[in-house]
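Undergrad: got a predicted structure here, sequence first:
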Amino acid sequence: MSGFGGFLLRRLVGAVITLLAISVLVYVVFYATPGNVAQITCGPRCSPEQVRQVAEQLKLDDPLYLRYWHFLVGLIAGQDYSTGTSVAHCSAPCLGLSYQSDQQVLDIILAKLPVSLSLVLGAMVLWLILGVGTGVLSAWRRGRFTERLLTGLTLAGWATPVFVIGLVLMIVVCGELRLLPFPQYVRLTDDPEQWAWNLLLPWLSLALIEAAAFARMTRASMLETLAEDHIRTFRAYGVAERTIVVRHALRGALAPVIALNANNVGSAIGGAVLTETLFGLPGIGQELVHAVNVVDLPVVVGMVLVIGFFVVLANAVADVLYAVADRRVVLT
Amino acid sequence: MSLVQVTDLTVEFGDLKAVDGLSFTLEQGAALALVGESGSGKSTVASALLGLHNGTGARVGGAIEVAGTAVHEASDDELRRLRGAKAAMVFQDPLSSLDPYYAIGDQIAEVYRVHTRVSRRAARARAAEVLDRVGIADARRRSRSRPHEFSGGMRQRALIAMALACEPDLLIADEPTTALDVTVQAQILDLLHTLREETGMGLLLVTHDVGVAAESVDEVLVMRHGRVVEHGPVAEVLGSPVEAYTRGLLAAVPRVDAPRAASEAPAPADDAQDVTQEATDVDIVLEATGLRRELGRGKKAVTAVDDVSLTIRRGETLGVVGESGSGKTTLGRMLVGLLEPTGGEVRYDGHPRVGVNPAVQMVFQDPVSSLNPRRSVGESIADPLRARGERDERKIRGRVSELLERVGLEGAHYDRYPHEFSGGQRQRVGIARALAADPRVIVCDEPVSALDVTTQAQVVALLGELQRELGLALVFVAHDLAVVRQVSDRVAVMRRGRIVESGSADEVYDNPQDPYTKQLLAAVPALDPQVAARRRAARRELAAA
């Protein structure tokens, strides 16, 4: 299928350009940030001499374009880094070394990524079920009590901050009822069952908030499709309302839901900071906030690129799903 | 027992009485047309027959019996058993009336399985069978196509096939041919006729087109404001109407076989010449030579207009007629300068035209979407004035009021918004906007196709009046052969981007030379049922030959 191959190629080129643009942007923003990076990196008790050494070691005095050039070279060819006492090799694709810990950025990300992916993908399954289900139900029962109840609940869900929902859930489920232990991250590869049990509350907290948006989107989209002419055709041919709603209306209403999901999955991977913090999950979001606070430029750039990559990926997947769902869509 | 018995039916939407005390009966195997202009309540009646107003907030009163089911008191289950099985409906717009996500055969099979307990496989076979029955070639394979892979005519056939699947006693067709080209319309009407002969099912046809009714039914019921105006055998109602409204309606229908009324024709210039003929007289205002336009790129490129040459003289009307996709709109846009030709040139007053010339204006098809809904009509009409550099607000207002009055509206309408006007009034606003630039040529792209016949006649009359007074040259682009004949001095027939025939209107219509022109003219529905029957026989012969 040459059409699909062409689509993938165009998407790949687009993704590379997008990611490069993001990295330039991050560099410029951090360059313009006030504050002495070397001082922050070295710590408050460093002497001016030590601070100067750190600045030299991190090449902080180089002009912006040179630093960005080094970053690009490292990305493509790998790079050797002097850590003061020894020289570490960072092979391509090298995102650099953390100013703070001398660890390779890629290693830091790879350590955090499974946590974020576990959280977001699990929550996604829940929010799709909850959100789309609620949306379909309230479109189907429009104007009745069920709809008003569901609308009220979704609005409440949307308006409640995640740390409120999460805290209440934790206090009730783990504290009062003692149904679950207080969440603690367990790796999927270590113990799948414990992994799921421990992530259940984080999933639920994140999903409840997200589901509200999906419920509203699905409901609006369903009402639109239900008003379309082809729905009238099937009503006029005696097809049962349940079949019409599930088979014909939902199918047509899914397109905007797929698009919204792509965006939300992509951004939640780096953006679920509150959920991660609340449940003590060592994910990307938490690490990113920390890195921003200590102006750890390589880590920030690396993280932002990874998050950007997932947003681009999620959108490409959404486009493919579009085309699968609706044969009239041609991938370009 | 009658197939359909409607007694004192009323349907109200809020304060609006859409149907008001309507009664009629339809016998087994008979055919009745509900004819009326938009808003007459005819489609509302059709939906009421299947109980489709249930749960929509509409209040339905009176009694409806269809094929032995008392629709007005039936339960949801009883209604479902009626719908599709005993009475099936064919809708107006065949594209939007099918689910875009599923194969056409599957949709027909789904409906079939609602009413018969058969396997999926048997239902698919039945779908292929009925698709074959309505004339879809290679039905088994094509039943796996999705709606967008079918042409408009094929989609309408597919909808009819869906209706046939359960062998209903009654077929309700709501404007079944309104979205179709005239040749395709003739095919669909012929198909309905044949199916009725063969299956003996009853037909309730809802249409705004008196000609379509004359072609297809035994009885006509003329509706207005939800009430019956006149009801009787088709030959009587259309041949010697009793009610003034019916007479007015029939008088407004443009006739393809009648020459242009003398009062509407402008003072004859010189003898009508062939449109493509090279003329040197000073009267030529707009001239196109070898116009070409390709749309799309690469493999998907199509030549929408291919080597078209024509001339338009001062004060005359050139009709451009063709079916959808013939390139007539593309041609019109190039004449105005909205599209750049890929080849050839347009000369205005003997000079090559560069870009948009204010002396060549356009009136668009859809008076709803061609006016900005968020700006008052006065502001829309003032646009060409402002574009010309007029800054004096008093002068602008004065000129716009003058234009509004000129097109039969009131000067005080300046501050009103498009939604406050009817379709016909909106088209008058569109004409006023075109006039604001003091044009010498106006290209009208389907200016009346969205309007009811009586409104259509008024707008056509207005255009004729303006033409006589201002000496305007008109290019009248339309698919409706009858309307084009009523307004044009000369006519060009387009097909696949080319002009296949051109000449004076009377010549082209009364003595067509090109086989395509003949085919088009043969497809126009006749108002006289006997003529319609003769034409149908002739079409069958043409098809068989």
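TA: Nice, I can see it.
Undergrad: contact partners for residue A:216?
TA: Listed by CB atoms under 8 Å, 6 or more residues apart in numbering or on different chains, the contact set of residue A:216 reads A:135, A:154, A:158. Backbone N, C-alpha and C define where each C-beta goes, glycine included.
Undergrad: list the buried residues in stretch B:349-364.
TA: Using 16 or more other CB atoms under 10 Å in any protein chain shown as the burial criterion, the residues of stretch B:349-364 that qualify are B:353, B:357, B:359, B:360, B:361, B:362, B:363, B:364.
Undergrad: I should have written stretch B:27-34 there, sorry.
TA: Counting neighbours by 16+ other CB under 10 Å, one finds that the buried residues in stretch B:27-34 are B:29, B:30, B:31, B:32, B:33, B:34.
Undergrad: contact residues of chain A facing chain B?
TA: Within chain A, the positions near chain B by CB under 8 Å from any CB of the partner chain are A:228-230, A:232-240, A:243, A:247-248, A:251-252, A:325-328.
Undergrad: now the buried members of those residues.
TA: Using 16+ other CB under 10 Å as the burial test, these include A:228, A:230, A:232-239, A:247-248, A:251-252, A:326 as buried.
Undergrad: show me the residues of chain A next to chain B that map onto helices.
TA: Using DSSP state H, A:229, A:230, A:232, A:233, A:234, A:235, A:236, A:243, A:251, A:252, A:325 are the members of the residues of chain A next to chain B that sit in helices.
Undergrad: pLDDT score for the residue of the stretch 51-200 of chain A found nearest chain B?
TA: Proximity to chain B, evaluated over the stretch 51-200 of chain A using CB to the nearest CB, is greatest for residue A:143 at 9.3 Å. Here, the pLDDT recorded for residue A:143 equals 80.
Undergrad: residues touching it, list them.
TA: Contacts of residue A:143 by CB under 8 Å, 6+ apart: none found.
Undergrad: and the helices in chain A?
TA: Across chain A, reading from the start of the chain, the helices by DSSP H fall at A:2-32, A:37-42, A:48-57, A:64-77, A:105-140, A:145-159, A:162-169, A:192-226, A:229-236, A:241-243, A:250-271, A:273-278, A:284-293, A:297-325.
Undergrad: okay, now whatever residue of the stretch 401-545 of chain B ends up closest to chain A: neighbour count?
TA: Each residue of the stretch 401-545 of chain B has a distance to chain A, by CB to the nearest CB, and the smallest belongs to residue B:450, at 18.1 Å. Residue B:450 is flanked by 19 other residues according to other CB atoms under 10 Å in any protein chain shown.
Undergrad: over to residue A:76?
TA: Based on other CB under 10 Å, the number of other residues close to residue A:76 is 11.
Undergrad: doesn't residue A:95 make contact with it?
TA: No - the pair formed by residue A:76 and residue A:95 falls short of the contact definition of CB atoms under 8 Å, at 11.6 Å.
Undergrad: list the buried ones in stretch B:538-545?
TA: When neighbours are counted by 16+ other CB under 10 Å, the buried residues of stretch B:538-545 are found to be residue B:539.
Undergrad: and the residue in the stretch 201-350 of chain B positioned nearest to chain A, how many neighbours?
TA: Closest to chain A within the stretch 201-350 of chain B is residue B:300: 10.5 Å, counting by CB to the nearest CB. Look at residue B:300: counted by other CB under 10 Å, it has 7 neighbours.
Undergrad: how near is it to residue B:315?
TA: Applying CB to CB, to the nearest Å, one obtains 41 Å for the distance of residue B:300 from residue B:315.
Undergrad: do residue B:179 as well
TA: 35 Å.
Undergrad: so how many other residues sit close to residue B:127?
TA: The local packing of residue B:127 (other CB under 10 Å) involves 29 other residues.
Undergrad: which element is it on?
TA: If you go by DSSP states H and E, residue B:127 is part of helix B:120-133.
Undergrad: likewise residue B:383?
TA: Taking DSSP H and E as the definition, one finds residue B:383 inside helix B:377-387.
Undergrad: the stretch 151-300 of chain B: strands as residue ranges?
TA: B:170-174, B:202-207, B:219-224, B:227-233, B:284-295 (DSSP state E, counting those that start in this stretch).
Undergrad: what separates the most centrally placed residue in chain A from residue A:76, distance-wise?
TA: To find the centre residue of chain A, average its C-alpha atoms and take the closest one (CA atoms, centre = their mean): that gives residue A:269, at 2.2 Å. When distances are taken as CB to CB, residue A:269 and residue A:76 turn out to be 25 Å apart.
Undergrad: tell me the confidence at the residue of chain B positioned farthest from its centre?
TA: Within chain B, the residue lying farthest from the chain centre (CA atoms, centre = their mean) is residue B:392, at 41.6 Å. For residue B:392, the model assigns a pLDDT of 89.
Undergrad: try residue B:185
TA: 88.
Undergrad: distance of the residue lying closest to residue A:38 once chain neighbours are set aside relative to residue A:297?
TA: In this structure, residue A:38 finds its nearest non-sequential neighbour in residue A:55, 3.8 Å apart by CB to CB, 6 or more residues apart in numbering or on different chains. According to CB to CB, residue A:55 stands 13 Å off from residue A:297.
Undergrad: between the two, which one's more packed in?
TA: Neighbours of residue A:55 and residue A:297, each counted by other CB under 10 Å, are more numerous for residue A:297; the result is 26 against 18.
Undergrad: from the buried residues of stretch B:349-364, which ones fall inside strands?
TA: With strands defined by DSSP state E, the entries of these inside them are B:360, B:361, B:362, B:363.
Undergrad: of these, which is the nearest to chain A?
TA: Top of the list for closeness to chain A, among these and by CB to the nearest CB, is residue B:363 at 28.9 Å.
Undergrad: mind listing what that closest one touches?
TA: By CB under 8 Å, 6+ apart, the residues touching residue B:363 are B:427, B:430, B:431, B:434, B:442, B:443, B:444, B:445, B:447.
Undergrad: can you put those residues in CSV and add secondary structure?
TA: What follows is the contacts of residue B:363, written out as CSV (DSSP: H, G, I helix; E, B strand; the rest coil):
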residue, secondary structure
B:427, helix
B:430, helix
B:431, helix
B:434, helix
B:442, strand
B:443, strand
B:444, strand
B:445, strand
B:447, coil
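Undergrad: what's the most distant pair in these?
TA: For those, with distances taken as CB to CB, the pair at the greatest spread is B:427 and B:443 (14.5 Å).
Undergrad: so which of the helices of chain A is the most surrounded?
TA: Of all the helices of chain A, helix A:229-236 carries the top mean neighbour count, a mean of 22, counting by mean count of other CB atoms under 10 Å in any protein chain shown.
Undergrad: does anything pack onto it? Which helices or strands?
TA: Contact analysis of helix A:229-236 by 3 or more CB pairs under 8 Å, 6 or more residues apart in numbering or on different chains; DSSP states H and E lists strand B:87-90 as its packing neighbours.
Undergrad: off-centre distance for the strand it packs on?
TA: Averaged C-alpha coordinates place strand B:87-90 at 22 Å from its chain's average position (CA atoms, centre = their mean, to the nearest Å).
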